[in-house]
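> Provided below are the primary sequence and the corresponding predicted coordinates.
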Amino acid sequence: MRTRHSPLVSLVILVLALALAACGGGSNPAPAAKPAEPAKPAEPAKPAEPAKPAAPAAAPAATSAPAAQAAPQSSPAAPAKPADKPAAVPKPLGSVVIGVGIDAAYASLIAGVKQSIFPKYGVDAQIKVFPSGQESLEAVLTGQADTTGNGQYNIPLVAAKGGKIKIIAEYERSDEQFGAVGKGINSPKDLEGKKIGTQFNTSPDYYFRLYVQKYGLDESKIKLENVTFAQLVPALAKGDIDGFFAFEPHLTRAVDTVPGAKIFHRSGQDGVMPLRVYLGVSEKVYTNKELAVALLKGIAESGEWSNANRDAVANILANEYKMKPEDAKRYVGYFDYTPRFDKAAVDELERVTKFTVDRKIVDKAPDLAQFVDTSFAKEALPGRTQ
């Protein structure tokens, strides 16, 4: 008996047949479409080859050969070689007491201490203030200071008398720091018949002698008085003297406080006595070459800084000595603070020693080689020595 399917059943059978056909039909089911090759498990990113020890930082261009050969590939990259320690921390070489007077001739030395320049060279420098360069020189001779600056006359004179001190450089110069001031003095000839003051056996004393010689004056007609620098202005104000030979700030103070006083000469005029300031050092320094050279290097940098920063140096000077800022600025402007020890500097010392003998101030000229040593400057100031 023939079975009859309802239309609905027929439809279901048809749909199933079509579905089987789509899948590959028949009893051989289509080999399940190769299960999309499991997307190669993203090749476990080759365990990033342990970052080859950072090839020694591409051998820092221009690092010396040994560094370029870097440690074996297996060791971790050698840490970059730390930069050489700045020469700002050199080995300590010792302390130095710098004796200074109350004037701009010592400004660069004071600036070097205030700006911490000397420690860069291993020198522990300290400032000790004296009334003038003459007293600071005596301090070096007696062990109260280790170094100081003086005009060209002072040190040769004490060396001739056996003082243990050596000049190792000329550290500055000026045509205007030294001068002469007075009342009723308008020309060199006006000095005759006058009482003139200065502190004996100092560079201003030497300046007075050269002034008299330069302008052909009769020294016997001039009454020269021995007055300490600190007392020159009061002596002029009281009328004890008519004029004096000294240096700033005494000249300006006289003009500011003594009616009728005026500066009638600056030492560099007519080449009478351009001031040269020399660095004298004690036995403690000149017997220790390393310390002496380091001290000079510090003074050289201090001088360069002072020449380039005159306003700042003037402020340091004004604060240190309670000067008017405008005066301090003017005094600082009188100097070239560049250290050197050239032939002209040595020739000037020879001229001084000859002068002391000619004037019978000393019996015998000191041997320059005994108190002048250019070897430290040759090392510390290359190109600026004879």
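Looks like it came in fine. Keep in mind that what you see is a predicted model, and the values were worked out from it rather than measured.
> how about Val281, what does it touch?
Contact analysis of Val281 by Cβ atoms under 8 Å, 6 or more residues apart in numbering lists 140, 146-147, 165-166, 168, 292, 295. C-betas here are computed from N, CA, C, even on glycine.
> for Ser187, same thing?
Contact analysis of Ser187 by Cβ under 8 Å, 6+ apart lists Phe264.
> quick revisit: sitting in strands, which of the contacts of Val281 do you find?
Within the contacts of Val281, residues falling in strands by DSSP state E are 147, 166, 168.
> pretty sure the first one is in contact with Val100, am I right?
This points to Thr147. No: taking contacts as Cβ atoms under 8 Å, Thr147 lies outside contact range of Val100: 9.9 Å.
> picking up where we left off before, of the ones in strands among the contacts of Val281, closest to Val212?
Nearest to Val212 among the ones in strands among the contacts of Val281, counting by Cβ to Cβ, is Lys166 at 30.7 Å.
> beta partners for the closest one?
Judged by DSSP bridges, the bridge partners of Lys166 are Val281.
> that one: how many residues sit nearby?
21 (other Cβ atoms under 10 Å).
> next one: Val255
Residues contacting Val255 under the criterion other Cβ under 10 Å number 14.
> re the thing from before, let's have the contacts of Val281 in JSON lines, adding distance to Gly216.
Below are the contacts of Val281 laid out as JSON lines (distance: Cβ to Cβ, whole Å):
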{"residue": "Val140", "distance to Gly216": "37"}
{"residue": "Asp146", "distance to Gly216": "43"}
{"residue": "Thr147", "distance to Gly216": "39"}
{"residue": "Ile165", "distance to Gly216": "35"}
{"residue": "Lys166", "distance to Gly216": "36"}
{"residue": "Ile168", "distance to Gly216": "37"}
{"residue": "Ala292", "distance to Gly216": "43"}
{"residue": "Leu295", "distance to Gly216": "43"}
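> out of these, who has the most neighbours?
For those, the largest number of neighbours (other Cβ under 10 Å) sits with Leu295, at 30 neighbours.
> model confidence at that one, what's the number?
Leu295 is assigned 99 on the pLDDT scale.
> Ala39 now?
If you check Ala39, the pLDDT there is 43.
> residues contacting the residue nearest to Ser203 when sequence neighbours are not counted?
Spatial nearest neighbour of Ser203, chain neighbours left out: Gly151 (2.8 Å); criterion: Cβ to Cβ, 6 or more residues apart in numbering. If a contact means Cβ under 8 Å, 6+ apart, then Gly151 has 133, 178, 202-204, 206, 275-278 as its contacts.
> dig out what Gly151 forms beta bridges with.
Val277.
> domain parsing of the protein, as residue ranges.
Per automatic domain parsing, the structural domains of the chain span 94-175+274-380, 178-271.
> same list, the ones you listed, but as a markdown table with distance to Gln386 please.
Output for the domains of the chain, formatted as a markdown table (distance: least, Cβ to Cβ, whole Å):
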| stretch | distance to Gln386 |
| --- | --- |
| domain 94-175+274-380 | 4 |
| domain 178-271 | 21 |
